[in-house]
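Q: Here is a sequence with its predicted model. Questions after.
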Amino acid sequence: MSSYQSLGPIKEHVYKEKHVGGVTLKDVESHMWVKEFAAFLKKSGKLNVPKWTDIVKTATFKELPPKDNDWYYVRSAALLRRVYLRQGVGCGALRKIYGGRINRGSAPSHHKPASASVIRHCLKGLEEMKLIAKHPDGGRMITSAGRRDADRIASQVMSSSNVE
């Protein structure tokens with residue numbers, strides 16, 4: 001049995017071959033990292049959560065707002081991960097990523113983008129925390145503090161997955 005069993009065969013190979021030093025965000029499972037980073041954002045208390053988060057929908061094609069009370073922290077963590085992986089990504093591209101299928105009854109379904117307001121507010125909150133900044137060519141990029149926090153959480157996720 002390998003100590004990297006929970007990482008899966010692809011991640012195990014990448015981790016053993018490439019990384020002699022530290023663990024980065026790319027080395028851990030995305031859903032585990034997003035959950036941990038959302039908990040970090042909530043615990044830090046520095047992310048300003050708007051008052052309207054309990055009534056707003058995340059997209060026009062949704063019927064109800066999210067059931068999870070901490071969805072704003074989860075979305076912010078997921079957005080930070082996207083900016084980490086692709087520097088210079090803007091609000092329009094993130095709308096496409098987080099968009100989905102709209103049910104048009106008997107007519108064929110189409111893709112609709114997510115709410116720009118929610119994404120924009122999350123990005124502004126992450127900017128206020130100095131985790132991301134505006135890219136000179138447009139969009140957003142991760143700062144050194146954001147990369148440090150993301151990689152620190154990734155190493156915590158990696159160590160907790162190795163223990164289990």
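A: On my side now, so go ahead.

Q: Low-confidence ranges, the chain, go.
A: Low-confidence segments of the chain (pLDDT under 70): 1-21, 164.

Q: How far off centre is the longest helix seen in it?
A: When the chain is parsed with DSSP state H, its longest helix is helix 144-163. Between the centre of helix 144-163 and the centre of its chain there are 14 Å (CA atoms, centre = their mean, to the nearest Å).

Q: That one: which residues count as buried?
A: 146-147, 149-151, 153-158, 161 (16 or more other CB atoms under 10 Å). (Each C-beta comes from the backbone N, C-alpha and C, glycine too.)

Q: can you pull the contacts of I153?
A: Neighbour list for I153: 25, 33, 36-37, 40 [criterion: CB atoms under 8 Å, 6 or more residues apart in numbering].

Q: Most neighbours out of those residues, which is it?
A: F37 (26 neighbours; other CB atoms under 10 Å).

Q: Quick check: chain neighbours aside, which residue is closest to that one?
A: Excluding its sequence neighbours, the residue lying closest to F37 (CB to CB, 6 or more residues apart in numbering) is A77, at 3.9 Å.

Q: Convert the C-alpha atoms of the helix or strand containing the one you found to CSV, please.
A: Secondary structure from DSSP states H and E places A77 in helix 71-85. Coordinates of each C-alpha in helix 71-85 appear next as CSV, following Å, rounded to 0.1, in the frame of the first residue of the first chain:
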residue,chain,number,x,y,z
TRP,A,71,-21.6,29.5,-0.1
TYR,A,72,-19.9,33.0,-0.5
TYR,A,73,-16.7,31.7,1.1
VAL,A,74,-16.8,28.6,-1.1
ARG,A,75,-17.3,30.7,-4.2
SER,A,76,-14.5,33.1,-3.2
ALA,A,77,-12.1,30.2,-2.6
ALA,A,78,-13.0,28.6,-5.9
LEU,A,79,-12.4,31.9,-7.7
LEU,A,80,-9.0,32.3,-6.0
ARG,A,81,-8.2,28.8,-7.3
ARG,A,82,-9.2,29.7,-10.8
VAL,A,83,-7.1,32.9,-10.7
TYR,A,84,-4.1,30.9,-9.3
LEU,A,85,-4.3,28.5,-12.2
